[in-house]
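Visitor: Just need the structure, nothing else, for what follows:
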Amino acid sequence: MSTLLVKEELTTSETISMLTTDMAQLLSFSKTAQIPSRIRDAIAKAVQLKQAMEEIERQRAARDRELAEITAEQTRIRENMKTVAPSTQYYERLLTKLNEQESSIERLQKERDALASRRDAARKELEEYLGGLTLE
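Guide: Down below sits the predicted model:
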């Protein structure tokens, strides 16, 4: 006769930090059948709010990249303008391009600032949702 020793464990509670947890892990939690539906629903809503915030941040980062590209292009244009006589058609073309880019920079900066405000509002909404969330 042999004896088999079995150890049982019971998890009574688990805590996760939803603001800093990886999105894939949160999605996994929201679809796990072992987690009660009310908790899965709460996690799913948090995931939705977090995804909205991250999408806004991606859009803002895209504006930053566009601004960096334009700034680099402006440096090149200014260098070309130094080598061309101001009375030439090419100089005028470069000047026009520079003016257009300045308008683009102003537009992109406004968009970036608006997106930053939207991102901050989305983060606040997520934090308030999570702060008021109690699940047992």
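Visitor: pLDDT weak spots in this protein?
Guide: 10-20, 29, 136 (pLDDT under 70).
Visitor: what's the following helix or strand after the lengthiest helix in it?
Guide: Assignment by DSSP state H gives helix 37-82 as the longest helix of the chain. Moving toward the C-terminus from helix 37-82, the next helix or strand (DSSP states H and E) is helix 89-131.
Visitor: list the helices and strands that following helix packs on?
Guide: In this structure, helix 89-131 makes packing contacts with helix 37-82, judged by 3 or more Cβ pairs under 8 Å, 6 or more residues apart in numbering; DSSP states H and E. (C-beta placed from N, C-alpha, C; glycine too.)
Visitor: Hey, what's the angle from the longest helix of the chain to helix 89-131? Just curious.
Guide: Going by axes from the mean of the first three to the mean of the last three Cα atoms, to 10 degrees, helix 37-82 is angled at 160 degrees with respect to helix 89-131.
Visitor: how many neighbours does Thr96 have?
Guide: 10 (other Cβ atoms under 10 Å).
Visitor: Please apply the same query to Lys50.
Guide: Residues lying near Lys50 (other Cβ under 10 Å) number 20.
Visitor: Same question for Arg63.
Guide: For Arg63, using other Cβ under 10 Å, the count is 19.
Visitor: and the residue lying closest to it once chain neighbours are set aside, how far is that from Glu128?
Guide: Closest residue in space to Arg63, ignoring its immediate chain neighbours: Arg112 at 4.1 Å, by Cβ to Cβ, 6 or more residues apart in numbering. Counting by Cβ to Cβ, to the nearest Å, the gap from Arg112 to Glu128 is 25 Å.
Visitor: Compare these two and say which is more crowded by neighbours.
Guide: Regarding Arg112 and Glu128, a neighbour count based on other Cβ under 10 Å identifies Arg112 as having more, with 18 against 11.
Visitor: just checking, that one touches Ala61?
Guide: No - the pair Arg112 / Ala61 is not scored as a contact, 9.1 Å apart, by Cβ atoms under 8 Å.
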